[in-house]
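Chemist: got a structure for you, letters missing:
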């Protein structure tokens, strides 16, 4: 028997990733088992939470026009729909970016004692910030990390520029410490382009990480808890015709995502084992995806995706299919064991 009845799938966000989040949320809602759960799609952006659609067990999906969407009562995480008050007893969070990926939404749900699909608020806060997460991962000694430099908006630029020129090798990647889908990210090949790229990244976040580029093959692997142990999904290799795996490559088809990756068993085992170790060390829940570069001198950590993309074309659904797991069964496992 299922633990939960009324599942709120929360999508949209306060970040540049809101559109992608909606696509992910709609896909997740369509694949949750409608014979077991009542499914409510909640659009949440800039503090306004409204009900987009609902689907009662074994019934048709009902959508609401934008001007007549029922509003979610955040005092008790409920909604009154078609004359009935429904209090959600589980949240499946598909918000890419703030507040769903940085721990804010998780903190709200924790105070209400409502279970949810992701890491807890503290783990989300650490993992979502690329600099904080990388500092944490470095100390674990599980995987290599590329040399980097950190700057916060308002700091004097000249000393930072000099530090990067002296200590890092070009090309470097300039990226906001918070955010995803490669928004605000620039590949920089010379020192003169560094600070304009930093200022561009500040448009997404007031803290910026400059990371030395690592030459090698790019891989990604997701891990999850199946109720008994942490499991890794098949490893995927990212091959792009662009300079790097940017927004265009991710969402406009300018990349190949080879799953399972065409690598030997030892390399596969290394990436999967590393992903499971990071999942455990970071205190993850739900399904989490880790990104890597495999260089000549070993495996380098890029970042962790607490709420990875979940559209039909996204990496994690492809991994689930490659593993021979039914997507509905996979989501039921996440709901029941997170």
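Modeler: Yep, it's here. Computed from a prediction, not measured in an experiment: that's the story for all the values here.
Chemist: Pull out the buried residues from stretch 298-317.
Modeler: 299-311, 314-317 (16 or more other Cβ atoms under 10 Å). Every C-beta, even on glycine, is put in place using the N, C-alpha and C of the backbone.
Chemist: Kindly report the same for stretch 32-47.
Modeler: Quick answer for stretch 32-47 (16+ other Cβ under 10 Å): 32-34, 36-45.
Chemist: How about stretch 171-189?
Modeler: By 16+ other Cβ under 10 Å, the buried positions in stretch 171-189 come out as 171-188.
Chemist: So which of those are in strands?
Modeler: Of these, the ones assigned to strands by DSSP state E are 172-176, 186-188.
Chemist: Turn those into TSV, columns for distance to residue 210.
Modeler: Shown next, in TSV, are these (distance: Cβ to Cβ, whole Å):
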residue	distance to residue 210
172	5
173	7
174	5
175	8
176	11
186	10
187	11
188	8
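Chemist: Looking at the buried residues of stretch 298-317, which are in helices?
Modeler: Among the buried residues of stretch 298-317, DSSP state H puts 315-317 in helices.
Chemist: Tell me the bridge partners for residue 10.
Modeler: residue 42, residue 93 (DSSP bridges).
Chemist: contacting residues around it?
Modeler: Residues counted as contacts of residue 10 (Cβ atoms under 8 Å, 6 or more residues apart in numbering) are 25, 42, 44, 49, 91-95, 100, 105.
Chemist: Out of the residues you listed, which end up buried?
Modeler: Buried, going by 16+ other Cβ under 10 Å: 25, 42, 44, 49, 91-95, 100, 105, out of these.
Chemist: from these, which single one is nearest residue 328?
Modeler: Comparing the buried ones among the contacts of residue 10 against residue 328 with Cβ to Cβ places residue 92 closest, at 12.8 Å.
Chemist: right, and that closest one touches residue 335 too?
Modeler: Yes. Using Cβ atoms under 8 Å, residue 92 is in contact with residue 335, at 6.7 Å.
Chemist: Check residue 242 and give its pLDDT.
Modeler: You'll see residue 242 listed with a pLDDT of 56.
Chemist: quick one on the thing from earlier: can you put the contacts of residue 10 in TSV and add distance to residue 116?
Modeler: Output for those, formatted as TSV (distance: Cβ to Cβ, whole Å):
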residue	distance to residue 116
25	14
42	12
44	13
49	14
91	4
92	7
93	6
94	11
95	11
100	9
105	8
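Chemist: nearest to residue 288, of these?
Modeler: For the contacts of residue 10, the closest approach to residue 288 (Cβ to Cβ) belongs to residue 93, at 12.3 Å.
Chemist: I figured that closest one hits residue 99, correct?
Modeler: No. In this structure, residue 93 is not within contact of residue 99 by Cβ under 8 Å, at 9.6 Å.
Chemist: Overlap in contacts, those two.
Modeler: residue 105.
Chemist: ok, back up a step: what sits in contact with each of residue 92 and residue 335?
Modeler: Going by Cβ under 8 Å, 6+ apart, residues that sit against residue 92 and also against residue 335 are 7, 32, 117.
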